[in-house]
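>>> Test case, fold it:
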Amino acid sequence: MSMVAKVASLLEKVLGAQTEVLAQKHGVIQRKRKFTGQGLLRMLVVTLLKKPDAKYADWVLTAAQRGVVVTATAVEKRFTQPLVDFLREALSVTLGQLLAAEAVSNELLDRFTGLFIGDSSSIRLPDEMRIEFPGCGGTEGSCAADLKIQVRWDLKTGVLPQVLIEIGKASDAKSPIAHQVPQAGALEIFDLGYFSVQRFRRLHDAKAFFVSRLQHGTAVFDQHGQAVSLRTFLPANAVDGVVDVPVQLGQNERLKCRLIAVRVPKEMAHRRRQKARDKARKRGGELSAEYSELLAWSLFVTNASGELLTWKEVVVLYRARWQIELLFKLWKSHNKLAYHRPGATVFETMAVLWSKLIGVMLQHWLLLTAVWPDGRRSLFKAARALRDWIIPLTLILDQRQQLESTLTQLQAHLKCVAKIQSRRKNPSHFQLINDPSLLNWNA
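Numbering: from 1, shown residues only. Sure thing, here's the model as predicted:
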């Protein structure tokens, strides 16, 4: 089945007639007058994809475009607890669907069966939601209610095998995305919030690979099992500002891996120390001399051998983790996932959030269809161009042949408008992945 056909099937499944069952289950539709469950879901999701900061008039306009005449008051009255429950279950159905594009292929990525990156992002909720979604609390900028989105993403095929909704105070390290063991030959790259030598052991035993920053305070031993002080070990083993040596990690685990340390420019080290001092002061402490010296280095650990990955390739692959930050930025900036209309009720706020989450998943599938195989893709550019196609697409959701034809046209359009240019200075992600030798660490 072609990608276009797969996406058409998914759109029909998520926004199709089966949503009527969910609507009836939650009592959203008592009498079929203006809205059906399917029509209500489409109105909400489509409007928010088109205009993320929608007001009642925008939903009225979308309904009218779909041939349903309603008033703003009628829309406002729809925001109830049953609607919130309906949309949350519709989101669960959406998250259960997976779509993988044709795998991106180049010499570096082809060494792995998958390239999985993972991270989380939080969304502040009204305080009334603190029982269901308790926030972290106790730190500057915290709030009573938070929702956390955990995402695990394969950068080879674009598939999102795990998108989880968790409470704000949930630990990243204990999230299911951190305990998923990939197939043999896959590479996982997560940030320090998920750092765990025990997790690395599970990956290694499954014949999978990891690349991670080194968590400060982790016990490090040389290849002979002798404890080392990185403060003296790194300068003693550096060659042209780079350390690449076998070590053992963890006081109890003693996991054999590589330690790669790259000395950073003085200006970068200074910025890191200033930031670390400010953070320590806020917590009532001081920056230790040892940690201050280690901030002059970027420290990585991996179980990939030197024959599999050079130190530059390790650094380039770790930088690929930034792509998930860009995904969250797309969702929060373009789709305004964290935006709540001033004066909105809790019911409206949560209904809109669940609708937006459904929408960003549909958006992701459409972008995969159009631009994923091209490493020069810009998801931001593609998402902006996609907005003009949202209404036409949803008007033909029930006309399969016409839907596939329009998706094919969309595919061709986005391929033309969603590319990024090569750069001589500060090469982009796709340039580095294609040619890691372009990495200039001291730039």
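>>> quick one: what helix or strand has the residue minimising distance to the centre of the chain in it?
Centroid check for the chain by Cα atoms, centre = their mean gives I324 as the closest residue, at 4.2 Å. Following DSSP states H and E, one finds I324 within helix 322-329.
>>> F221 too?
Using DSSP H and E, F221 sits within strand 220-222.
>>> So which bits of that strand are buried?
Buried residues in strand 220-222, counted by 16 or more other Cβ atoms under 10 Å: 220-221. In short, each C-beta sits where N, CA and C put it, glycine included.
>>> now what about that strand, what contacts it?
214, 227-228, 230, 233, 245-249, 254, 259 (Cβ atoms under 8 Å, 6 or more residues apart in numbering).
>>> which one of these is nearest L203?
Using Cβ to Cβ, L249 is the member of those that sits closest to L203, with 12.5 Å.
>>> how many other residues sit next to that closest one?
Per other Cβ atoms under 10 Å, the neighbour tally for L249 reads 22.
>>> For it, give me its contacts.
The contact partners of L249, taken as Cβ under 8 Å, 6+ apart, are 197, 200, 218-221, 255, 257, 301.
>>> Just the pLDDT at the closest residue to P392 other than its chain neighbours, thanks.
In space, and not counting its chain neighbours, P392 is closest to T406: 6.4 Å by Cβ to Cβ, 6 or more residues apart in numbering. Here, the pLDDT recorded for T406 equals 92.
>>> would you list every one of the strands in the stretch 251-400 of the chain?
Under the criterion DSSP state E, counting those that start in this stretch, the stretch 251-400 of the chain contains strands at 255-263, 297-302.
>>> Equivalent analysis for the stretch 101-250 of the chain, please.
Along the stretch 101-250 of the chain, the stretches classed as strands by DSSP E, counting those that start in this stretch are 115-124, 146-154, 162-167, 187-190, 209-213, 220-222, 242-249.
>>> Just say which of these is most tucked in.
Mean neighbour count, computed with mean count of other Cβ atoms under 10 Å, is highest for strand 187-190 among these, reaching a mean of 26.
>>> And it, how far out from the chain middle?
Centroid separation between strand 187-190 and its chain, computed with Cα atoms, centre = their mean, to the nearest Å, is 13 Å.
>>> what is the mean pLDDT for that strand?
97.
>>> Any chance you could list what contacts it?
In this structure, residues lying in contact with strand 187-190 by Cβ under 8 Å, 6+ apart are 112, 114-119, 178, 182, 203, 208-212, 304, 317-318, 320-321.
>>> Tell me if I'm right that N303 and D205 touch.
No: here N303 does not reach D205: they are 10.3 Å apart, not a contact under Cβ atoms under 8 Å.
>>> So for those two, which sits in the more crowded spot?
The residue with more neighbours, out of N303 and D205, is N303; 21 against 9, by other Cβ under 10 Å.
>>> For the stretch 101-250 of the chain, give me the ranges with low pLDDT.
Applying pLDDT under 70 to the stretch 101-250 of the chain flags the ranges 137-142.
>>> can you rerun that using 50?
Across the stretch 101-250 of the chain, the ranges flagged by pLDDT under 50 are 141.
>>> do the same with the stretch 251-400 of the chain
Checking the stretch 251-400 of the chain against pLDDT under 50 turns up nothing.
>>> Helices along that one, start to end?
Ranges of helices within the stretch 251-400 of the chain are 266-282, 289-294, 311-319, 322-329, 346-371, 379-395, 400-417, based on DSSP state H, counting those that start in this stretch.
>>> so of those helices, which one's packed in deepest?
Stretch with highest mean neighbour count among the helices of the stretch 251-400 of the chain: helix 346-371 (a mean of 23; mean count of other Cβ under 10 Å).
>>> Among the contacts of strand 220-222, find me the one that's closest to A186.
Out of these, the member with the shortest distance to A186 (by Cβ to Cβ) is L249, at 20.0 Å.
>>> Which residue, other than its chain neighbours, is closest to that closest one?
Closest to L249 by Cβ to Cβ, 6+ apart is L255, at 4.6 Å.
>>> so the one you found makes contact with R201?
Yes: using Cβ under 8 Å, L255 is in contact with R201, at 5.5 Å.
>>> Looking at the record's assignment, how would you partition this structure?
By the assignment in automatic domain parsing, the chain contains the domains 1-78, 192-320.
>>> I165: which of those is closest?
Smallest distance to I165 across those (Cβ to Cβ): 16.4 Å, for domain 1-78.
>>> what sits against the nearest residue to R376 once chain neighbours are set aside?
Leaving out its chain neighbours, the residue that sits closest to R376 by Cβ to Cβ, 6+ apart is K419, at 4.6 Å. Applying Cβ under 8 Å, 6+ apart to K419 gives the contacts 374, 376-378, 381.
>>> Output the domains of the chain in JSON lines; the columns should cover distance to I396.
Below are the domains of the chain laid out as JSON lines (distance: least, Cβ to Cβ, whole Å):
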{"stretch": "domain 1-78", "distance to I396": "10"}
{"stretch": "domain 192-320", "distance to I396": "37"}
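>>> Among these, single out whichever gets nearest to S428.
domain 192-320 (10.5 Å).
>>> how far does that closest one sit from the chain's center?
24 Å.
>>> quick one: terminal-to-terminal distance for it?
One end of domain 192-320 to the other measures 15 Å (Cα to Cα, to the nearest Å).
>>> Would you mind checking the average pLDDT for stretch 66-80?
For stretch 66-80, the per-residue pLDDT averages 89.
>>> would you put the C-alpha positions of it in CSV?
Listed next in CSV are the C-alpha coordinates belonging to stretch 66-80 (Å, rounded to 0.1, in the frame of the first residue of the first chain):
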residue,chain,number,x,y,z
ARG,A,66,-19.0,21.6,6.3
GLY,A,67,-22.6,22.5,5.7
VAL,A,68,-23.6,22.8,9.3
VAL,A,69,-25.2,26.1,10.5
VAL,A,70,-24.7,26.7,14.2
THR,A,71,-24.3,29.7,16.5
ALA,A,72,-21.3,30.6,18.7
THR,A,73,-23.5,29.9,21.7
ALA,A,74,-24.3,26.4,20.5
VAL,A,75,-20.6,25.7,20.1
GLU,A,76,-19.8,27.1,23.6
LYS,A,77,-22.4,24.8,25.1
ARG,A,78,-20.7,21.8,23.6
PHE,A,79,-17.7,22.2,26.0
THR,A,80,-18.7,19.8,28.7
